[in-house]
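**Q** the sequence and its predicted three-dimensional model are supplied below.
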Amino acid sequence: MKKLAFGDYTGLASNYSRYRPGYSRSVLSALLGLIGVPVDKIDFVDVGAGTGIWTRMVSERGVRSSVAIEPNDDMRKQGQKDSIDMYDIYWLNSRAERTSLTAQCCNWLTMASSFHWVDFDLSIREFHRLLCPNGWFTALWNPRLIEVNPILVEIESFLDRLKPSIERVSSGRSGITETLTEKLTSSSYFEDIVYIEGQHVIRMTPEHYVGVWNSVNDLRVQLGEESFLEFMAFVERRVKGLSFIETTYLTRAWSARRKAQ
């Protein structure tokens with residue numbers, strides 16, 4: 001595998017598609033209710049869609065149209081492959097800061113586990129352009145609640161010893177999420193900030209749990225390949241022989257309504 005840069009999931013798409021968990025279905029239901037439009041009238045755009053995990057969850061609920069925007073070739077091609085038989089999703093190679101979509105083309109636009117990778121100011125200006133009047137933008141993440149499972153705590157402790165300065169760039173419990181409400185509130189493009197969260201538990205086989213780690217980008221970049229392989233060897237030893245690993249996920253969603261200008 002080539003040396004990765006932050007946010008570059010080239011070579012990781014297969015593991016991402018196969019092992020990454022979905023988001024809370026209860027949070028999705030709450031968000032659909034927030035939009036204020038019948039579900040079958042929602043034109044939906046998912047930016048930074050990756051392999052389309054969230055895109056397909058929304059599409060399954062019966063929205064009128066779904067567009068998935070993903071600039072990474074590997075992730076987009078995997079998403080197209082995963083979606084081809086069951087979902088009517090239009091895939092587009094573009095970036096959050098400057099899409100090729102027409103103005104006011106959607107009434108709900110989301111970024112799922114990807115908003116931390118983009119330029120905030122340029123992106124929200126573009127999202128304002130794409131949204132219809134009173135349309136909604138949602139940024140959401142799906143971090144693990146490590147502290148509720150001693151095995152997960154042990155694994156994270158080993159990671160901290162391996163590299164104490166590690167920063168989880170894409171964590172939904174740090175980074176951009178610490179100030180996101182304030183940043184959206186002070187924006188000239190959005191108003192009526194709403195925060196929703198919900199927990200769900202997934203029981204993973206050891207193979208599945210190891211696969212999730214193999215799909216990460218920020219950890220691999222910061223550790224380097226040698227230390228990352230050492231970390232993965234520890235993870236595999238620690239979960240070997242277990243029937244399952246119970247992992248609690250916390251879907252966190254920030255939504256903001258398009259401001260009239």
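**A** That came through fine. Numbering: from 1, shown residues only.
**Q** so where's the stretch 151-261 of the chain uncertain?
**A** 168-171 (pLDDT under 70).
**Q** helices of that one, start to end?
**A** Using DSSP state H, counting those that start in this stretch, the helices of the stretch 151-261 of the chain run over residues 180-185, 206-213, 218-239.
**Q** ok, the stretch 1-150 of the chain next?
**A** Secondary structure of the stretch 1-150 of the chain by DSSP H, counting those that start in this stretch: the helices cover 13-19, 25-35, 53-60, 73-83, 120-130, 150-162.
**Q** weakest of these in terms of mean pLDDT?
**A** Of all the helices of the stretch 1-150 of the chain, the minimum mean pLDDT falls on helix 13-19 (a mean of 80).
**Q** which residues sit against it?
**A** 9, 50-51, 53, 72, 74-75, 77-79, 82, 208, 211-212, 214-215 (CB atoms under 8 Å, 6 or more residues apart in numbering). Backbone N, C-alpha and C define where each C-beta goes, glycine included.
**Q** which one (most neighbours) among the residues you listed?
**A** Top of the contacts of helix 13-19 by neighbour number is Thr51, holding 30 neighbours under the definition other CB atoms under 10 Å.
**Q** tell me the contacts of the nearest residue to Phe190 once chain neighbours are set aside?
**A** Spatial nearest neighbour of Phe190, excluding adjacent residues (CB to CB, 6 or more residues apart in numbering): Ala256 at 3.6 Å. Listed by CB under 8 Å, 6+ apart, the contact partners of Ala256 are Trp136, Phe137, Thr138, Leu184, Ser187, Phe190, Glu191, Asp192, Ile193, Val194.
**Q** please report how far Ala256 lies from Thr138.
**A** Plainly put, Ala256 is 8 Å away from Thr138 if you go by CB to CB, to the nearest Å.
**Q** isn't Glu236 right next to Gly211, touching?
**A** No: contact between Glu236 and Gly211 fails when scored by CB atoms under 8 Å: they sit 10.9 Å apart.
**Q** return the closest of the contacts of helix 13-19 with respect to Ser94.
**A** Of all those, Ser94 sits closest to Asn72, with 11.4 Å by CB to CB.
**Q** pLDDT value on that closest one, please?
**A** Reported pLDDT for Asn72: 93.
**Q** related to what we said a few turns ago, of all the helices of the stretch 1-150 of the chain, which one is nearest Gly175?
**A** So among the helices of the stretch 1-150 of the chain, helix 120-130 is nearest, using CB to CB, at 11.7 Å.
**Q** can you point out the buried residues in that closest one?
**A** Phe120, Ser123, Ile124, Glu126, Phe127, His128, Arg129, Leu130 (16 or more other CB atoms under 10 Å).
**Q** let me know the closest of the residues you listed to Ile176.
**A** Checking the buried residues of helix 120-130 against Ile176 by CB to CB gives Phe120 as the nearest, at 7.6 Å.
**Q** thinking again about what came up before, give me the buried subset of the contacts of Ala256.
**A** Trp136, Phe137, Thr138, Leu184, Ser187, Phe190, Ile193.
**Q** among the residues you listed, which are in strands?
**A** Trp136, Phe137, Thr138, Phe190, Ile193 (DSSP state E).
**Q** can you tell me which of those is closest to Leu28?
**A** Among those, and counting by CB to CB, the member closest to Leu28 is Thr138, at 10.0 Å.
**Q** can you pull the contacts of that closest one?
**A** Applying CB under 8 Å, 6+ apart to Thr138 gives the contacts Leu31, Trp108, Leu109, Thr110, Met111, Ala253, Trp254, Ser255, Ala256.
**Q** kindly report the same for Phe120.
**A** Ile176, Lys183.
**Q** what does the one 5 residues further on give?
**A** If a contact means CB under 8 Å, 6+ apart, then Arg125 has Tyr189 as its contacts.
**Q** do the same with Val148
**A** Thr248.
**Q** repeat that for Glu236.
**A** Counted by CB under 8 Å, 6+ apart, Glu236 has contacts Pro206, Val210.
**Q** give me the nearest residue to the residue nearest the centre of the chain, chain neighbours excluded.
**A** Central residue of the chain (CA atoms, centre = their mean): Ser113, 2.0 Å from the mean position. Spatially, and ignoring its direct neighbours in sequence, Ser113 is nearest to Trp141 (5.3 Å; CB to CB, 6+ apart).
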